[in-house]
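*Asks:* A structural model of the following input is requested.
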Amino acid sequence: MIFKHPLDQVLRAILMKILILGAGMMGNAITFDLVNFSKSDVFTIADKNLSSNSKAKKNLRNDKLEFVKINLENKNSIKKHFKENDLAISAVPFKYNYILSKIAIETKTHFIDLGGNNDVVQKELSLSKDAKKSDITIIPDCGLAPGLSSVIVKDIVENINDIDYVKIRVGGLPLHPKPPLNYQVVFSPFGLINEYVEKSVVLDHGKIIQKKSMTEVEKIYFPKPFGNLEAFLTSGGCSTLPFVYKNKIKYLDYKTIRYPGHCDNFNTILSLGMAKKHSINTGKQKIIPREILATLLNMNLPKNEDDVVLLKVLSRGVKDGKKCKLEYNLIDYYDQENKITSMMRTTAYPTSIIAQMILNESIDKRGVFCPHEIVPCQLFFKELKKRNIIIKKKFVYI
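*Replies:* Numbers count the residues shown, from 1 in each chain. Have a look, this model is predicted:
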């Protein structure tokens, strides 16, 4: 759809259609933000589960919304819905994102997702030439970390030089922790397990190395009521940052923030083999430990209770020939009025903002890019502020 006359730009904003895949926590929050901030005409929420659609329909009453059932294993069904929309957003498990990217290229539909898995993202990036030929933009990793945190790193690189380090620390925590894990389900348990089990990627003076996740535990402080917390290496948070900024940043890593003791307690579970993906015999039947663990976490951990997202990004470099430090802090709380968790807000709203940037041409490059390669930082931060997601930036010469 190409518009050349200035008046057509108005029509363009009115006529754009967005497809949201997944009617779970993140899909609902993405849709909530689009309904409140986007000028697009129609939003379609697609989910395989009719009960999820019904729940979303109840929570997101709006005449702009349509609800459809979709089977992600049925490519023809996906193609049909992609063709009917200008942009598709994936809020489904990351394992689908590569094939969804390929379908987006075939149907010439812009596509973004929450990312979080390094291997899948690399496969998506390999499609960049094809996406450019189809005149579309594909952006994986649009959530919190990677996503929001990635744009912060881009802002650091644009503001200071000769960067000694960038240390990204992010965590979603319950406001009222309950032992033994002091954690609540804020996104897919499978995603959580993946972060804890897969290797963490670290940039260390020109070398990109892999380290065991849930190691290198450190203390990290936030103002009351939080105080001293812990942070440890996990997978996915860096995504492609070490590769893109290999020549600009000397050291870069990502750690997840949790209440003290969480790492040790969860490591005990993992040491029993509960994250293994291959089936094992248990007498007369076979089970897959990871599926059992995810199910048990989902059944037994709290959900949708008051939560908070904590973010701290630390950096040191040079500006105007002087050594300096640049620090970013965010404390975001559960939205009591709209019953939206902080993790939903800080993951889904950045995704919605990036989708709107593509449709209003604030992002107009074609191909496959991660947010730190293409998202305009100041506009992004401004849009977050409209949603009361406020990143405090502190700069000092040392």
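
*Asks:* Make sure H205 is actually in contact with N247.
*Replies:* No. Applying CB atoms under 8 Å as the test, H205 and N247 come out as separate, 11.2 Å apart. All C-beta atoms are positioned from the backbone trio N, CA, C, and that covers glycine.

*Asks:* Residue ranges in this protein under the pLDDT threshold?
*Replies:* Of all residues in the chain, those with pLDDT under 70 make up the ranges 1-14, 40-41, 50-63.

*Asks:* Can I get the host helix or strand of A355 as PDB, trimmed to CA atoms?
*Replies:* Element membership for A355 (DSSP states H and E) is helix 342-359. Listed next in PDB are the C-alpha coordinates belonging to helix 342-359 (Å, rounded to 0.1, in the frame of the first residue of the first chain):
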ATOM      1  CA  SER A 342       4.600  -4.300  35.200                       C
ATOM      2  CA  MET A 343       6.200  -7.100  33.200                       C
ATOM      3  CA  MET A 344       3.300  -6.900  30.700                       C
ATOM      4  CA  ARG A 345       3.700  -3.100  30.600                       C
ATOM      5  CA  THR A 346       7.400  -3.100  30.100                       C
ATOM      6  CA  THR A 347       7.400  -5.900  27.600                       C
ATOM      7  CA  ALA A 348       4.200  -5.300  25.600                       C
ATOM      8  CA  TYR A 349       4.200  -1.500  25.400                       C
ATOM      9  CA  PRO A 350       7.700  -1.200  23.800                       C
ATOM     10  CA  THR A 351       6.500  -3.800  21.300                       C
ATOM     11  CA  SER A 352       3.400  -1.800  20.500                       C
ATOM     12  CA  ILE A 353       5.500   1.400  20.200                       C
ATOM     13  CA  ILE A 354       7.900  -0.200  17.700                       C
ATOM     14  CA  ALA A 355       4.900  -1.500  15.700                       C
ATOM     15  CA  GLN A 356       3.500   2.000  15.500                       C
ATOM     16  CA  MET A 357       6.800   3.400  14.500                       C
ATOM     17  CA  ILE A 358       6.900   1.100  11.500                       C
ATOM     18  CA  LEU A 359       3.400   2.000  10.400                       C
END
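
*Asks:* Give the buried residues for it.
*Replies:* Taking 16 or more other CB atoms under 10 Å as the basis for neighbour counts, the residues of helix 342-359 that come out buried are 342-359.

*Asks:* Determine the next helix or strand in the C-terminal direction from that helix.
*Replies:* Reading on from helix 342-359 to the C-terminus, the next helix or strand found by DSSP H and E is strand 367-368.

*Asks:* hey, where'd the helices end up in the stretch 151-300 of the chain?
*Replies:* Remark: helices assigned in the stretch 151-300 of the chain by DSSP state H, counting those that start in this stretch are 189-197, 241-244, 262-271, 289-300.

*Asks:* could I get those helices as TSV with distance to F111 and mean neighbour count?
*Replies:* Formatted as TSV, the entries for these read as follows, by distance: least, CB to CB, whole Å; neighbours: other CB atoms under 10 Å:
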stretch	distance to F111	mean neighbour count
helix 189-197	19	19
helix 241-244	20	20
helix 262-271	33	16
helix 289-300	26	15
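
*Asks:* tally of neighbours for H81?
*Replies:* A count of neighbours around H81, defined by other CB atoms under 10 Å, yields 18.

*Asks:* which residue packs closest to T107, ignoring adjacent ones?
*Replies:* Leaving out its chain neighbours, the residue that sits closest to T107 by CB to CB, 6 or more residues apart in numbering is F82, at 4.1 Å.

*Asks:* Number of residues surrounding the closest residue in space to V170 that isn't next to it in sequence?
*Replies:* Nearest residue to V170 in three dimensions, chain neighbours excluded: A145, at 4.2 Å (CB to CB, 6+ apart). A145 is flanked by 29 other residues according to other CB under 10 Å.

*Asks:* And for S77?
*Replies:* One way to gauge burial is a neighbour count; for S77, by other CB under 10 Å, it gives 15.

*Asks:* Report the contact partners of the residue nearest to T107.
*Replies:* L19, A88, I103, A104, T107, T109 (CB atoms under 8 Å, 6 or more residues apart in numbering).

*Asks:* phi, psi of it?
*Replies:* Geometry field for F82 lists phi and psi as phi -60, psi -40, criterion degrees, to the nearest 10.

*Asks:* tell me the centre residue of this protein?
*Replies:* Against the mean C-alpha coordinate of the chain, by CA atoms, centre = their mean, the closest residue is G143 at 2.1 Å.

*Asks:* Now do the contacts for I363.
*Replies:* T137, I139, I354, M357, I374, V375, P376.
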